[in-house]
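1. Got a predicted structure plus its sequence, pasted below:
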Amino acid sequence: MKKHTLDTSIRYIKGVGEAREKLMGKLGIFTLRDLVSYFPRAYEDRTLFSKITDLQIGQTVCVRAMAAAQPKLSHIRKGLDIVKVRVVDESGSLEITFFNQPFIKDAIKQGESYIFYGRISGTLLRPEMTSPIFERVKQGDGGAASLLKQHPRPLASPCLSSLTGRIMPIYPLTAKLSQKIISSAIRYGLEKCGDELPDVLPGDIAGYYELCKARYAYENIHFPEDFKALDIARRRLIFEELFVLVVAMRLMRERRTEQTGKCLKMPDFEQFYKKLHFTPTGAQKRAITEAAEDMTGNKPMNRLIQGDVGSGKTLVAAACAWNAWQSGLQAAFMAPTEILAKQHMNSLSKLLEPMGMRVGLLIGAMTAKTKREMYAKLSLGEIDLVIGTHALISEGVQFHDLGLVITDEQHRFGVAQRSMLTEKGDSPHVLIMSATPIPRTLALIIYGDLDVSTIDEMPPGRREIETHIVGENLRKRVYGFVEKLVKQGRQVYIICPMVDEDDGDRGTVHLSFGENENRHPHLRAQKTDEPSPCLPHPRPLASQELKSAKEFHKQLSAEIFPELNVKLVHGKMKPKEKDAAMNAFSSGEADILVATTVVEVGVDVQNAALIIIENADRFGLSQLHQLRGRVGRGEHESHCILFNSGKSEISRERLEIMKSTNDGFKIAEKDLSMRGPGDFFGSRQHGLPELHIANFATDMLVLNQAQKAASDVLKKDPELKSPQNKDLAEQIKRMFEINADKMN
């Protein structure tokens, strides 16, 4: 039999095969290493047992009871079967109902004892359970006699095939994969390769911080013996993940400082400021000075400028391009879309051409002849600043002397694309702009290889956007407001959380790490996006209320605003179709743009005065803030309307933060503390590899320890050449290879 290693394809894992290999690939699981590193997103506490008389409404608990009678099957109507059974223990009785599971009628036998796990409903006098997980009490578990002894932890060493009496891991799923399939594959993987798991933490570090071995951590993160073992495992894996990340980022910074860059003279920026038709803010001037100081050194600048929507990052880019021009060097400005490139061309040419700079545009939509003319001007040095899209990295593009590369919305470009542009010059300076406000402490970690400038001051006179939180009862009034604004000549965005109706999720309550909960401080109820194993036939929840862009566009066009020009844009459209819709809105031809979050950054339509966000409670606060920034860019009073489909107090509280402030940094801090970085950044929109288990919001203490440990290791072994750091060096190399398109 073939020996399995951590790099073995999961196709050869027992119970996987070719079909499931493809499904697991959707979850990012390709090798045994990926499989055992696929950590649970939540846990269900199935160790809590209760007598029937002690049950509390709303509690999720295990009950050990005997079937008092044979289950009864009732056909209510087509598509709805109900099985009811009454179970008893020595303290009372419990009514249990199963929907559309007719096989239960024969699966539960009168007089036999079972363990039922589910949520308690009904009343205190007549408690009920709906579609619980259940299993028969096995021989040796005490049978009916054990009903007299309700042990809180009935199984000291729970069988891993058991559905109750243990802490159950809950994994993110995709269609046709069950919790059982994932769990069984991980169990098999750990049995075959657990001893190969590298201990990437140097022994002295693990000892000093009292961290367990890797094998113990992986076993107990997936199949915890108890809550203490789970805590020990989590702490080790969180520390390791953050430690490796910090070491990797510091090595990136060291590699950058080994390069030699173009040394510019410090110009007199007062001359630049005098030629502007406005006065820059103190924050803009500070960021410009910080960048200029970088460019006067003998190392290439690698600086991130982050600032809120409308804070004036483009002026910083303009000043840096002017600085390069003063020293006889060219600058290139790469934007993620043609619309954004044209917008930057318009604003930067107005700023810089009166000062004598020659500004050009290079995008894919230009004719071959126009492109050739631009190539010639760039190679001859007749263009001082070129603004463009991916067209800038085309083979035909050659610069006379490229000294500065600027990229906008850096998360939209892979490191390979940025490298292709910088390689067109001799170690040019690099300026990266981002409109996603990130708390400064977090930015310093995330962009560990970058210097960070924050523009935390807004230009005077910028209008604040009025934000309103509404429910379905006000929908007609909102539509009336849309018509009123369009009659005044304004335009409107309507944002939906998904493209198609089948993109939604189903929510069920599980236990996961986070806020305090009465029994175990590290467990809390959390909504997850896969059907619960407790509910073989889960009832559709709020996901059916989610607005899909395609369907909503049809409804708005045909029924609600038939007289208006309503366009649609979403990420699944072909680029030409998407650009056509965006251009129609930008030019003022379209009145309403129905969109997903593809319009989150970069779209500048000064005539847009209203943005409506459907199911706003389903978005992160920072994402809502970015979306809100699509309006209020011109002279018109602007509004943001948030439809709250959530019923909880927490969803209302979150949205109230949006109403109370327009400050992106305050919102970012709140978002990070309430949701954690996974939701805070959205899907792969940052310079980090994805974190599997650590959380910047809740694990700051461990992060501080990991940073100190990283400093200690790199002080003794700056290049990780010593034998005890061999596994660490290999892990970092693997991280760079896997995340080449994400890391800066």
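-> Perfect, I can see it now. Residues are numbered from 1 along each chain as shown.

2. According to the record, where do the domains of this protein fall?
-> 1-41+173-197+505-537, 47-165, 269-297+310-434, 466-502+546-661 (automatic domain parsing).

3. Indicate which one of the ones you listed is closest to L728.
-> Relative to L728, the nearest member of these by CB to CB is domain 1-41+173-197+505-537, separated by 13.7 Å. In this view, the C-beta of every residue, glycine as well, is placed from N, C-alpha and C.

4. So R64 belongs to a strand, correct?
-> Yes - when DSSP: H, G, I helix; E, B strand; the rest coil is applied, R64 is found to be in a strand.

5. Beta-bridge partners for it, please?
-> In this structure, R64 bridges to I115 when assessed by DSSP bridges.

6. Around it, how many other residues sit close by?
-> For R64, the number of neighbouring residues by other CB atoms under 10 Å comes to 27.

7. again with S427
-> Counted with other CB under 10 Å, residues neighbouring S427 total 16.

8. Quick check, it in contact with T260.
-> Yes - S427 lies in contact with T260 (CB atoms under 8 Å); the separation is 6.3 Å.

9. any common contacting residues for those two?
-> Common neighbours of S427 and T260, counting by CB atoms under 8 Å, 6 or more residues apart in numbering, are P300.

10. Nearest spatial neighbour of G28, chain-adjacent residues omitted?
-> D34 (6.3 Å; CB to CB, 6 or more residues apart in numbering).

11. A strand includes the one you found, no?
-> No - with three-state DSSP as the criterion, D34 is assigned helix and is not in a strand.

12. and the gap between it and L201?
-> Separation of D34 from L201 (CB to CB, to the nearest Å) stands at 21 Å.

13. Which parts of the helix ranked longest in the chain count as buried, going by neighbours?
-> As far as residue count goes, and with DSSP state H defining each element, the longest helix of the chain is helix 227-257. Of the residues in helix 227-257, those buried under the neighbour-count criterion (16 or more other CB atoms under 10 Å) are 227, 229-252, 256.

14. Repeat that for stretch 69-77.
-> For stretch 69-77, the buried set under the neighbour-count rule, 16+ other CB under 10 Å, comprises P71, L73.

15. Format the CA atom coordinates belonging to that stretch as PDB.
-> The C-alpha trace of stretch 69-77 is given here as PDB (Å, rounded to 0.1, in the frame of the first residue of the first chain):
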ATOM      1  CA  ALA A  69     -44.600   4.300  22.900                       C
ATOM      2  CA  GLN A  70     -44.000   3.400  19.200                       C
ATOM      3  CA  PRO A  71     -43.600   6.600  17.100                       C
ATOM      4  CA  LYS A  72     -46.700   7.700  15.100                       C
ATOM      5  CA  LEU A  73     -46.400   8.800  11.400                       C
ATOM      6  CA  SER A  74     -48.900  11.300  10.000                       C
ATOM      7  CA  HIS A  75     -49.300  12.500   6.400                       C
ATOM      8  CA  ILE A  76     -50.300  16.100   6.900                       C
ATOM      9  CA  ARG A  77     -50.300  17.100   3.200                       C
END
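
16. what about it, distance to the chain center?
-> 45 Å (CA atoms, centre = their mean, to the nearest Å).

17. quick one: average pLDDT of it?
-> In this model, stretch 69-77 has a mean pLDDT of 92.

18. start at 31 instead
-> In the new count, where the first residue is 31, that last one comes out as stretch 99-107.

19. neighbouring contacts of it?
-> 111-116, 128, 132, 134-135, 138-140.

20. and those, which are buried?
-> Neighbour counting with 16+ other CB under 10 Å marks D111, I112, V113, K114, V115, F128, I134, K135, I138 as buried within the contacts of stretch 99-107.

21. model confidence over the one helix or strand L334 maps to, on average?
-> Using DSSP states H and E, the element containing L334 is strand 332-337. With pLDDT averaged residue by residue, strand 332-337 scores 87.

22. packing partners for the helix or strand just after that strand?
-> Scanning the chain past strand 332-337 towards its C-terminal end, the next helix or strand to appear is helix 343-356 (assignment: DSSP H and E). Contact partners of helix 343-356 among helices and strands, from 3 or more CB pairs under 8 Å, 6 or more residues apart in numbering; DSSP states H and E: helix 299-304, helix 312-326, strand 332-337, strand 360-364, helix 368-382, strand 432-438, strand 459-464, strand 481-485.

23. If we use 6 Å, what do you get?
-> Contact analysis of helix 343-356 by 3 or more CB pairs under 6 Å, 6 or more residues apart in numbering; DSSP states H and E lists helix 312-326, strand 332-337, helix 368-382, strand 432-438 as its packing neighbours.

24. Nearest to L415, out of these?
-> Across these, closest to L415 is helix 368-382 (CB to CB), at 6.5 Å.

25. Can I get the closest one in PDB, CA atoms only?
-> Output of helix 368-382 as PDB, limited to C-alpha atoms (Å, rounded to 0.1, in the frame of the first residue of the first chain):
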ATOM      1  CA  GLU A 368     -10.700  51.300 -17.200                       C
ATOM      2  CA  ILE A 369     -13.300  53.500 -15.600                       C
ATOM      3  CA  LEU A 370     -11.100  54.200 -12.600                       C
ATOM      4  CA  ALA A 371      -8.100  54.800 -14.900                       C
ATOM      5  CA  LYS A 372     -10.100  57.400 -16.900                       C
ATOM      6  CA  GLN A 373     -11.200  59.000 -13.600                       C
ATOM      7  CA  HIS A 374      -7.600  59.300 -12.400                       C
ATOM      8  CA  MET A 375      -6.500  60.600 -15.800                       C
ATOM      9  CA  ASN A 376      -9.100  63.300 -15.600                       C
ATOM     10  CA  SER A 377      -8.200  64.400 -12.100                       C
ATOM     11  CA  LEU A 378      -4.400  64.100 -12.300                       C
ATOM     12  CA  SER A 379      -4.100  65.800 -15.700                       C
ATOM     13  CA  LYS A 380      -6.000  68.800 -14.300                       C
ATOM     14  CA  LEU A 381      -3.600  68.900 -11.300                       C
ATOM     15  CA  LEU A 382      -0.300  68.300 -13.000                       C
END
